[in-house]
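J.: build me a model:
(chains A, B and C)
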Amino acid sequence: MEQTIRLLLASLPDGILLGFVYGLAAMGLTLIWGVMNVINLSHGPIIALGMFSTFFVYTRLGINPYVGIIPIAVVGLLLGILIYAVAVHRVINAPHLSSLLATFSVNMIIIGIGTAALTTSPYNVDFSAGSIQIGSVTLLGTRLIAALVTIIFTSGLYFFLYRTRPGKYIRAVANNRSAAELMGVPSTRILALSFGLGTMLAAVSGGLIATFFPFSILAGGGYEIKSFVIGVLGGLGNPIGALFGGLILGILEGVIPAFMETSWVPVIEFALFVLILLVRPSGLFGAKK
Amino acid sequence: MKRSLVRIFTVLMLLGLVITACAPQAATEEAMEQPAATEAAQPAATDEAMPAPVEKTVVIGFTSSLTGSQEVSSKRQVNGLNLWMQQVNDAGGIQLSDGTVVKFEAVTYDDESNKERVQELYTRIITEDNADFLISPYSSGLTAAATIVAEQNGKIMLTAGAAEDDAYKTGNTSLFQLYTPGSLYLISTVDMLKTLDPSAKVAIVHENDKFSTAVIDGLKPYLDQQGFEVVLEEGYASDTTDFGPVINKLVESGATVLLGGGHYPDGSTFARQLYERKVGLNFISLLVAPADSKFPELGDAALGIATSSQWELAATHTEAEAAALGKEWYGPTGTDFAAAYEAMTGDKPTYHVAGGYMTGLVLQKAIENADSVDPDAVRAALEAMDIFTFYGGVQFDTTPEAHGLQISHKMVVAQWQKNDAGELQRVVIWPADVATADPLYPIPAP
Amino acid sequence: MKLWNKYSGLIVPVIVVLALAIWPIITGKPANRETAFTILKAIALATSLNILLGYTGYVSFGHIVFYGFGGYVGLFLLTEKNWSLGAAILAGGVASGILAYLLGSAILRLRGAYFALATIGVNEAMRSFITNFELFGASTGITLNFSVYKAYGGAAQALQTSFYIGAGLALLALIISYLVRTSKFGLGLLAIRENEDAAEVMGVVAPRAKTWAYVLSAIVPGMIGVLFFFKNGNVEPHDAFPLNASIELLVMVMLGGQGTVLGPILGAFAYQGMRGYLVTSPIFKNIQLSVSGVLLLLIVLFIPAGVVGWLRHRIPSLRKVLA
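T.: Take a look at the predicted model:
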């Protein structure tokens, strides 16, 4: 019993810090869903592109990865707008399947080019920001900074959505697109901007994850599925909820191994995911329908 | 109007695709009929003109993973095989006593690291491309699917990157394994620990997949037998990236030695996090990942990490060893092999390269011993084979229960250490008679 | 003539499947047999998915779970309980059908994207569960002993037999699909697809109809799973539940035209043929995935109804044949 508690104390802080970054990735997915009802299946490869951006910025150009986050964010935004214009805009009003398949083909294109250019073998960013030792608990510097960056981006997003004109437009379009259009909101531009923002968040989270773990062009897939789980936990379409969803997932991943073998973690995670979809499809923090 | 044009265009493209999809079939058929025709003509020629040397081209078929998760190791294995083929053909092939000169040619396709098409491709290799002998794909899973096709066509298959034992225990008669089987991977490591620190507390943390589980299943009884205390046994999912919780369990268990790992991506991630968290173990051995030349990209996290290796250039086997064991020596020396490989690719050979090269070398030896390319004669020669090469011993189990399982080859233990210049290099630390350095034990604290 | 009118929609699909089954026999080449098997398997799976996706309008992202689960059950019975192949295939189908019934009663309440996400969750939960499930060999999976093939005349004959069974299963899938499509039950499903609430008002018992559509779409994949892994000789969790294969099935159905009997068949044929060609083509080998992606995008953007839907729209006189 005492051993279990010690294990929990050691694993919890880690899980929470990791949860922030999971949350950031999921925020991108859930923002796009909330505004335009599109599940973005190119989410994973974009996270992977973010990882490779950090690799090139740090390992090749020698720029500090946290400074590198800024160009990654800008490029992510533009890439998202491009994807929207090319692949999504035409099917935005078609049934679900069309936008799923359109974003899935973007996924195939990115992975195909990535495989040809970067191969599928793993890359590693050899970057360390030290660590802090509190009792028996080790906190890694890279994860602390990543959590901080996440908090900055989340507050930035919150400020943008609630305090600026384009942000208010985004919320208006999410609420009721045709009404917003009647009120003179340029909905196409707003949709493109939202898709760009979602992509940006995914790319940034990838850039941060690259400082903790090795990765390959296929590595985004795992975080994409985690983003689905988090999106549902926090309520699909609720970006701030996604941050809490991320924290819950991070905590679960830290806590479950204290009670059973680590290989059972995904079983519990996905079973919980299906259960929440059935019981509270609007998420743990969403209003009951 | 414009819209409908675009639509028509798209449909046309689609139709074109369907047609092209059928086309390559016809194209390859034509291309493949030619070697078949020349081969058919050759035996007739042998009967008529005895004195003139007759050239016979033997086709070796295999799939490899040009894309997908097994890409890195699979390409190395193929490079090794190609080196052998180039060497034997340049040397004028194999001379048989009836005057026939045997030369070799490869037929290969990309299996995408995916089981879905493996059987389809091997069937094509055997029946359309008329392969005489087969080499395994890389990885135990792909090989298991390919063996059935080999068996149904009665084709001999030499395997390299397919260590897991089960595939050889299915009642087949055509497989011949060159790697030490998975269940024996960590045996030499345990032997070494026994001399270094018999009171070590062992934690087993491994990837929860086919190969790693086979290794661990072989390891556990041996640890027991040698009297080691196992304080933790834990499997993790193949796509695990955060080892934090596992490492916390490891620390909590009081283990001093870690044995486990899985493949390259998880192994390198695990090693890095062990270093970042300053776990302070005395010894760490991980499967596969530390054997790759990419591993030192981890920097200081690689220091002290050990692995089981099928072959290391630093501890290559010699003719003197063969003589001491009373076995027949065959093939080039390890340095000659490494030099030739470096000349061809500009890269140092890993054990995957050596494995690929050995599949060819063993086939060459079997054809020489059989003095024929007849499959049954070659099979008999393989079953009777007991040789020693730069790669080590080669001998196959011939019992019906585990036909083709490798029983002679031994693995070495390699470890990443720093040389005087402070550069990381992989040295051999066990067995003692081939070791090039002392084990770094315990690993110094970071 | 009456017969022609009644079954005109079945003619082209049956011809396609029979042609695929006979092609290797005529050419006498085992390599063609293997290619045909890959396509027939895709046809059977895509046609089954179409019952749920095309007729009922529910997008399943994890349909491969039935293939994997059925396959595991069948292989377990083959190796551990010494069942015959035929019995194991039937058992695999039944097991998948029961799984679909239980799942369907729960997750079919969800609509649109929520249902799609739930099916992903189910597939991943099942895969990670089987990876830890000792009875099914956990992460090592189940390996067949070659002696199993002896009962079917050795490995060579067993692969031949598997091929014929595969062709039979593809035929079975399309007959089920056709019968559903032309039945009153199928009309109810179409009504659900167009407007579920209105359908309920009109007297379609939506939950029951949906669940049965789900069950019907799960049985053949379960049987195909047993057959494929029997032929393959072993099964491992990541081979049995590949999420990507689920999405490829969606692509096939979409390509050919959802909601039609012929569509998934053409889609499966075109997609597998295209991938098979690109993988071995020297020009596209390295970026084959991107080329497939671009083609898929063009189709989604410009002919969303798929080939069959587009043809039906353009040439009304073909509608009878292109059911």
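J.: show me which residues of chain A are close to chain B?
T.: A:3, A:6-7, A:10-11, A:14-15, A:18, A:115, A:119-122, A:124, A:126, A:128, A:131, A:136, A:138, A:140, A:212-214, A:216, A:218-219, A:222, A:253-254, A:256-258, A:261-263, A:265-266 (Cβ under 8 Å from any Cβ of the partner chain). Any C-beta I mention is one placed from the backbone N, CA and C, and that applies to glycine too.
J.: what sits closest to residue B:427 if chain neighbours are left out?
T.: Closest residue to residue B:427 apart from its sequence neighbours, by Cβ to Cβ, 6 or more residues apart in numbering or on different chains: residue B:437 at 4.0 Å.
J.: quickly find the element holding the one you found.
T.: Using DSSP states H and E, residue B:437 maps to neither a helix nor a strand.
J.: ok, now residue B:414?
T.: Going by DSSP H and E, residue B:414 is in strand B:412-418.
J.: cool, residue A:145 as well?
T.: Going by DSSP H and E, residue A:145 is part of helix A:141-163.
J.: can you list contacts of that helix?
T.: A:14, A:16-18, A:20-21, A:23-24, A:27, A:31, A:66, A:69, A:127-132, A:166-168, A:170-171, A:197, A:201, A:204-205, A:208-209, A:211-212, A:239-240, A:243 (Cβ atoms under 8 Å, 6 or more residues apart in numbering or on different chains).
J.: off-centre distance for the helix or strand just after that helix?
T.: Next helix or strand after helix A:141-163 toward the C-terminus (DSSP H and E): helix A:165-175. Relative to its chain's centre, helix A:165-175 lies at 21 Å (Cα atoms, centre = their mean, to the nearest Å).
J.: try stretch B:119-130
T.: Using Cα atoms, centre = their mean, the offset of stretch B:119-130 from its chain centre is 22 Å.
J.: likewise stretch B:380-397?
T.: Counting by Cα atoms, centre = their mean, stretch B:380-397 is centred 16 Å from the centre of its parent chain.
J.: scan the chain for its longest helix.
T.: Since you didn't name a chain, this refers to chain A. Using DSSP state H to define each element, chain A has its longest helix at helix A:2-36.
J.: was after chain C, sorry
T.: helix C:154-182.
J.: what does the next helix or strand after that helix contact?
T.: Sequence-wise, the next helix or strand downstream of helix C:154-182 (DSSP H and E) is helix C:184-194. For helix C:184-194, contacts defined as Cβ under 8 Å, 6+ apart pick out C:51, C:55-57, C:179-180, C:198-199, C:202, C:204, C:206, C:209-210, C:212-213, C:259.
J.: try it again with 6 Å
T.: By Cβ atoms under 6 Å, 6 or more residues apart in numbering or on different chains, the surrounding residues in contact with helix C:184-194 are C:55-57, C:180, C:199, C:204, C:206, C:209, C:213.
J.: what's the average pLDDT for the helix holding residue A:145?
T.: What helix A:141-163 shows for mean pLDDT is 93.
J.: list the buried residues of it.
T.: Within helix A:141-163, the residues scored as buried using 16 or more other Cβ atoms under 10 Å in any protein chain shown are A:142-147, A:149-150, A:153-154, A:157, A:161.
J.: can you show me the CA trace of that helix as PDB?
T.: This file holds the C-alpha atoms of helix A:141-163, laid out as PDB (Å, rounded to 0.1, in the frame of the first residue of the first chain):
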ATOM      1  CA  GLY A 141      13.000  20.600 -17.600                       C
ATOM      2  CA  THR A 142      11.800  20.000 -21.100                       C
ATOM      3  CA  ARG A 143       8.400  18.900 -19.700                       C
ATOM      4  CA  LEU A 144       8.100  21.900 -17.400                       C
ATOM      5  CA  ILE A 145       8.800  24.300 -20.200                       C
ATOM      6  CA  ALA A 146       6.400  22.500 -22.500                       C
ATOM      7  CA  ALA A 147       3.700  22.800 -20.000                       C
ATOM      8  CA  LEU A 148       4.400  26.500 -19.700                       C
ATOM      9  CA  VAL A 149       4.300  27.000 -23.500                       C
ATOM     10  CA  THR A 150       1.000  25.100 -23.500                       C
ATOM     11  CA  ILE A 151      -0.400  27.500 -20.900                       C
ATOM     12  CA  ILE A 152       0.700  30.500 -22.900                       C
ATOM     13  CA  PHE A 153      -0.900  29.100 -26.100                       C
ATOM     14  CA  THR A 154      -4.100  28.300 -24.300                       C
ATOM     15  CA  SER A 155      -4.500  31.700 -22.700                       C
ATOM     16  CA  GLY A 156      -3.500  33.200 -26.100                       C
ATOM     17  CA  LEU A 157      -6.300  31.200 -27.800                       C
ATOM     18  CA  TYR A 158      -8.800  32.100 -25.100                       C
ATOM     19  CA  PHE A 159      -7.900  35.800 -25.400                       C
ATOM     20  CA  PHE A 160      -8.200  35.600 -29.200                       C
ATOM     21  CA  LEU A 161     -11.500  33.800 -29.200                       C
ATOM     22  CA  TYR A 162     -13.200  36.100 -26.600                       C
ATOM     23  CA  ARG A 163     -11.500  39.500 -26.900                       C
END
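J.: compute the inter-axis angle for the helix or strand harbouring residue C:97 and helix C:154-182.
T.: Here residue C:97 sits within helix C:85-107, counting by DSSP H and E. Here helix C:85-107 runs at an angle of 40 degrees relative to helix C:154-182 (axes from the mean of the first three to the mean of the last three Cα atoms, to 10 degrees).
J.: helices or strands next to helix C:85-107 in the packing?
T.: Identification of packing neighbours for helix C:85-107 by 3 or more Cβ pairs under 6 Å, 6 or more residues apart in numbering or on different chains; DSSP states H and E yields helix C:64-80, helix C:206-232.
J.: so what's residue 172 closest to, chain neighbours aside?
T.: Defaulting to chain A. residue A:180 (4.1 Å).
J.: chain C was what I was after
T.: residue C:220 (6.2 Å).
J.: same question, residue B:85
T.: Per Cβ to Cβ, 6+ apart, closest to residue B:85 is residue B:104, 5.0 Å.
J.: looking at this, residue A:139 is in a strand?
T.: Yes. Counting by DSSP: H, G, I helix; E, B strand; the rest coil, residue A:139 is located in a strand.
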